[in-house]
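Enquirer: below are the sequence and a predicted model for it; my questions follow.
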Amino acid sequence: MMKNRKLLMIPGPIEFTPDVLRAMGMPTTSHVAANFIDVFGQALENTRKVFLASGGQPFVVAGSGTLAMDMAAANLVERGDKALVVNTGYFSDRFAKILERYGATVTHVHAREVGDAPGTQEVEGALDSVKPKLMTITHVDTSTGIAMDVKALAALGRKHNVLVVVDGVCATAGEEMRQEEWGIDVALTASQKAIGVPPGLALVVAGSRAMDAFRRRSAPVSNYYADWNEWLPIMQAYEGRRPSYFATPAVNLVWALNVSLKEILAEGMDARFARHRKLSGAFKSALTALGLRQVPKRPQLCATTLSAIFYPDGVDRTLLKYIDEAGVIVAGGLHPAIRDQYFRVGHMGAVSPSDIIATLSAIESGLKRAGYKFEAGAGVAAAQEHLG
Ligand code: PMP
């Protein structure tokens, strides 16, 4: 009998390491057991290291990435505040809706077309004219595979004295991000992507300017569960190795998070960013060799955590079924304007060169079944060449 297991190559949830999965299956401890308090304390210290934010305040709570966005908005926005959304697609739209829910007036800076990114000059123009309190940037927009130049945009935020909030849900711990050095006030993500832990944790790291802005609020935070007034003493207690309670932490997920963060730090952040660049480069050179076009218009716009690929002429989403039957699960389109025209492949976290090769081989076999004409093996060969 053959192993009945498929390779999960979607932009989250991703494949997790055996040690992370083992932590999920351990007998659950009390949330105030001494060994759990120590693990949560370590996980918070390690979160800071993975975000490269030595002076940041981490918040790790049960919830998904949307809760992390909600937490940032709930604690920083007051009714009547102005916010700028650097809009690259589906999840930037979501951030705008959340900001509006808390009473912000939102201005968007859009790209001229799908597959492009808003330009730095347009963002600077909007910062000049709108004078917002905060700006949001989707580091990697999962709907288009576009990565923003967060370093340059955060520098603009600093210049204009605007709070910079980065949605790193499809980026953090894969795509290069240096929270403190780049001047990012709030960076947030979820567990199920490059952080490498099953879905269920929201991770937010707030820098000192964000915490100051939060402390200067005049109105109470209008979200009960996400309120930093409730969570700050809890996070401080875990780091101080003291028992505390506001809302029950996701105990097994926190154990798993600590395992994953240690694995990430053992690899080293620079090595991890470089591995994502290399594997993504290999995958993308294979796409080009197969004659496939990507959604981002220019190579500089491409994320390293996923690829968004147009179906070639004559091929539709049946391709996904063929790729699945060849043993690999990839994702369909998400951006409403082009939803049926493309598919997405996630390659982040613990992904290995052999995962990349296996995925390309499954894509090639799917393309062949779909009747697409190409030189068999060209994608795999290009990737191998790139991997060296
Ligand atoms: N932002 C981005 C960039 C995302 O990719 C996602 C999830 N795909 C989210 C936010 C929302 O996260 P979640 O689905 O965990 O709520």
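Expert: Received it, and whenever you're ready, just let me know what you need.

Enquirer: show me what contacts whichever residue of the stretch 251-388 of the chain sits closest to the ligand?
Expert: Going by Cβ to the nearest ligand atom, the ligand is nearest to L334 of the stretch 251-388 of the chain, at 8.2 Å. Yep, even glycine has a C-beta here, placed from its N, CA and C like the rest. For L334, the contacting residues are Y90, T142, S143, R344, by Cβ atoms under 8 Å, 6 or more residues apart in numbering.

Enquirer: what about the ligand: which of the residues you listed touch it?
Expert: Among these, the ones lying near the ligand by Cβ under 6 Å from any ligand atom are T142.

Enquirer: nearest to the ligand among the contacts of L334?
Expert: T142 (3.3 Å).

Enquirer: how near is the nearest residue to the closest one once chain neighbours are set aside to E230?
Expert: With sequence-adjacent residues excluded and distances taken as Cβ to Cβ, 6 or more residues apart in numbering, T142 is closest to C170, at 4.3 Å. With the distance defined as Cβ to Cβ, to the nearest Å, C170 ends up 28 Å from E230.

Enquirer: just M9 next, same as before
Expert: Distance from M9 to E230, by Cβ to Cβ: 38 Å.

Enquirer: comparing those two, which residue is more hemmed in?
Expert: Regarding M9 and E230, a neighbour count based on other Cβ atoms under 10 Å identifies M9 as having more, with 27 against 14.

Enquirer: tally up the residues packed near the residue of the stretch 151-300 of the chain found nearest the ligand, please.
Expert: In the stretch 151-300 of the chain, the residue that lies nearest the ligand is V169 (3.4 Å; Cβ to the nearest ligand atom). Other residues within reach of V169, judged by other Cβ under 10 Å, total 29.

Enquirer: and the residue nearest to M135 when sequence neighbours are not counted, its phi and psi?
Expert: Leaving aside its chain neighbours, M135 sits nearest to L84 (4.2 Å; criterion: Cβ to Cβ, 6+ apart). Backbone torsions of L84, given as degrees, to the nearest 10, read phi -110, psi 130.

Enquirer: from memory G103 sits against A73, does it?
Expert: No - the criterion here is Cβ atoms under 8 Å, and G103 misses it with A73 at 9.8 Å.

Enquirer: neighbour count for these two, which is higher?
Expert: Between G103 and A73, counted using other Cβ under 10 Å, A73 has the larger neighbour count: 27 against 14.

Enquirer: surely that one touches R101?
Expert: Yes - assessed by Cβ under 8 Å, A73 is found in contact with R101 at 7.4 Å.

Enquirer: quick one: the strands in the stretch 1-150 of the chain?
Expert: 7-8, 57-62, 82-87, 105-110, 134-138, 140-141, 146-147 (DSSP state E, counting those that start in this stretch).

Enquirer: which of the ones you listed sits most buried?
Expert: strand 140-141 (a mean of 32; mean count of other Cβ atoms under 10 Å).

Enquirer: show me where pLDDT drops low in this protein?
Expert: Applying pLDDT under 70 to the chain flags no residue at all.

Enquirer: what residue in it comes nearest to the ligand?
Expert: G65 (2.5 Å).

Enquirer: that residue - how many residues pack around it?
Expert: 25.

Enquirer: next: T305.
Expert: Other residues close to T305 by other Cβ under 10 Å number 30.

Enquirer: could you find the closest non-adjacent residue to N252?
Expert: Closest to N252 by Cβ to Cβ, 6+ apart is M24, at 5.2 Å.

Enquirer: can you report how many residues neighbour that neighbour?
Expert: Neighbour number of M24 under other Cβ under 10 Å is 15.

Enquirer: quick check, it in contact with V254.
Expert: No - M24 lies out of contact with V254 (Cβ under 8 Å); the separation is 10.6 Å.

Enquirer: around the ligand, pick out the residues from this protein.
Expert: Near the ligand, when you scan the chain using Cβ under 6 Å from any ligand atom, you find G12, S64, G65, T66, F91, T138, T142, D167, V169, C170, A190.

Enquirer: out of those residues, which are inside helices?
Expert: Judged by DSSP state H, these include G65, T66, F91 as members of helices.

Enquirer: list the contacts for the residue nearest to M135?
Expert: Counted by Cβ under 8 Å, 6+ apart, L84 has contacts 106-109, 123, 126-127, 130, 132, 134-136, 162.

Enquirer: pick out the most distant pair among these.
Expert: Spanning the widest gap among the contacts of L84 are H108 and V162, at 15.1 Å by Cβ to Cβ.

Enquirer: now do the lengthiest helix in the chain: distance to the chain's middle.
Expert: The residue-count maximum for a helix in the chain (DSSP H) belongs to helix 269-289. Chain-centre distance of helix 269-289: 16 Å, with Cα atoms, centre = their mean, to the nearest Å.

Enquirer: ok, A96 touching V86?
Expert: No - counting by Cβ under 8 Å, A96 stays clear of V86, with 10.5 Å between them.

Enquirer: got any residues that touch both of those two?
Expert: Between them, A96 and V86 share the contacting residues T136, judged by Cβ under 8 Å, 6+ apart.

Enquirer: is the residue of the stretch 151-300 of the chain closest to the ligand in contact with A72, as I believe?
Expert: No - using Cβ under 8 Å, V169 is not in contact with A72, being 11.6 Å away.

Enquirer: tell me, what's touching these two both at once?
Expert: By Cβ under 8 Å, 6+ apart, the residues touching both V169 and A72 are L188.

Enquirer: residue contacts, H139?
Expert: Neighbours of H139 in contact, by Cβ under 8 Å, 6+ apart: A147, M148, V150, V166, D167, G168, C170, A171, T172, E175, M177.

Enquirer: which one of the residues you listed is nearest G327?
Expert: Distances from G327 to the contacts of H139, taken by Cβ to Cβ, are shortest for C170, at 23.8 Å.
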